[in-house]
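Novice: Have a look at this prediction, sequence included:
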Amino acid sequence: MKANLSVVTVTLNPALDLTGLLDELKPGQVSLVNQSTLHPAGKGVNVAKVLAELGAKVTVTGFLGEENHTPFADLFLRSGIEDAFIRVPGATRINVKLVEQDGRVSDVNFPGVQIDDAAFAALTEKLIKLAETHRVFVISGSLPRGVTPSQCGSLVARLTQLGCKVFFDSSQQALAQGIQAQPFLVKPNETELRELTQLPLTDIASLSAAGQTLQQQGCRNVVVSLGEQGLLWFDDQGCLAALPPKVELVSTVGAGDTLVAGLCWGELNAWPKSQTLSFSTALAALAVSQVGVGIDDLSQLTPLLEQVKLVDPMDLVIKG
Ligand SMILES: Nc1ncnc2c1ncn2[C@@H]1O[C@H](COP(=O)(O)OP(=O)(O)O)[C@@H](O)[C@H]1O
Ligand SMILES: O=P(O)(O)OC[C@H]1O[C@](O)(COP(=O)(O)O)[C@@H](O)[C@@H]1O
């Protein structure tokens, strides 16, 4: 049977990422940027771009400010992505990413447009319609002003009730509410998991216990990403861990989104878990070796895939 490669990504709070590469950031002083880019981004937009480049049939939705939606619309057109974003008054935020020579990133994320009840109702309606023809949804990122964590949770719940598989990646209260709605997969990073559990989680035993608890609360798959230290994947069979390959670090912005895209691609293709894990770990490593997300050349993935190690979770070394 041919795989159904259709997917919808939902970005409630997209952003134009203004990335500056500089030698060193000097807080409180003047810092000179050597190179800069401004590109359409935000969590679900990044996931969509990677999935489209892999060969998925992608529809994007969420909220876009009508004042500066053109770069997004251009990206979707170029990438063959179906644009189902709801336009709202105002301008989509610009997030500033300052990348120093050693790879350290300082993020300045702005709040985003104001969403009213009518726009939220329009999005809910759009998602219900899309659920008639799609089975896999990715809901990613923070919330714009006017959207409550419980409304975000209600989107996860609604799609799940309609029989859809929801990949969910958010933070703070939205993450907590989304988890209660039992998405198919949730991907917190280490910091998000600490905030959620209010625990220090400084070693592999406590991280594993936290991941397992989330899984037992009803998220079928829990993927905890640990930056360069790798990732843990919990399901009802237990836990698998992956160690990423060593790559020349350029920017970690978009690593998590690329990982989510890889996990989703594995699901769309019904791959075994180990194949999905290796593939998404290699894909995320590729993302950190560049500015922004995307796969310019898929052949770059082969050497990285060879270096990914699937290991026992207890073999991961946590820096804390
Ligand atoms: N320096 C790195 N080298 C190789 N892979 C990395 C590196 N940083 C991140 N990754 C990969 O990207 C994944 C997501 O990164 P992480 O920083 O945990 O997510 P997020 O961007 O959501 O905070 C990690 O689990 C890892 O596989
Ligand atoms: O939705 P949030 O949490 O405000 O984050 C938005 C930011 O995250 C990014 O999607 C990058 O995310 P990751 O580094 O976690 O993959 C940026 O493109 C964007 O500026």
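Specialist: Arrived safely. Ligands and ions are numbered 1, 2, ... in the order given.
Novice: Next, count neighbours for N269.
Specialist: 16 (other Cβ atoms under 10 Å). Where you see a C-beta, it was placed from the backbone N, CA and C, and this is true even at glycine.
Novice: who's in contact with the closest residue to it other than its chain neighbours?
Specialist: Setting aside the residues directly before and after it, N269 is nearest to A3 in space (Cβ to Cβ, 6 or more residues apart in numbering), at 5.1 Å. Contacts for A3 (Cβ atoms under 8 Å, 6 or more residues apart in numbering) come out as 268-270.
Novice: Just say helix, strand or coil for A3.
Specialist: Three-state call for A3 (DSSP: H, G, I helix; E, B strand; the rest coil): coil.
Novice: One more: V147?
Specialist: coil.
Novice: Surely it and V10 touch.
Specialist: No - V147 lies out of contact with V10 (Cβ atoms under 8 Å); the separation is 11.3 Å.
Novice: Neighbours of the nearest residue to V156 once chain neighbours are set aside, how many?
Specialist: Using Cβ to Cβ, 6+ apart and skipping the chain neighbours, the partner closest in space to V156 is A181 (3.8 Å). Number of residues near A181 (other Cβ under 10 Å) recorded here: 22.
Novice: how much space is there between A181 and L159?
Specialist: 9 Å (Cβ to Cβ, to the nearest Å).
Novice: that older thread, please identify which of V147 and V10 sits among more neighbours.
Specialist: Higher neighbour count among V147 and V10: V10, with 31 against 23, using other Cβ under 10 Å.
Novice: Do a quick rundown of the strands in the stretch 1-150 of the chain.
Specialist: For the stretch 1-150 of the chain, the strands defined by DSSP state E, counting those that start in this stretch cover 6-11, 15-22, 33-41, 57-65, 82-83, 86-88, 94-100, 105-108, 136-140.
Novice: can I get those in CSV with mean pLDDT and distance to ligand 2?
Specialist: Formatted as CSV, these follow (pLDDT from 0 to 100; distance: least, Cβ to the nearest ligand atom, whole Å):
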stretch, mean pLDDT, distance to ligand 2
strand 6-11, 98, 8
strand 15-22, 96, 4
strand 33-41, 96, 3
strand 57-65, 98, 10
strand 82-83, 98, 18
strand 86-88, 98, 16
strand 94-100, 96, 4
strand 105-108, 95, 7
strand 136-140, 98, 7
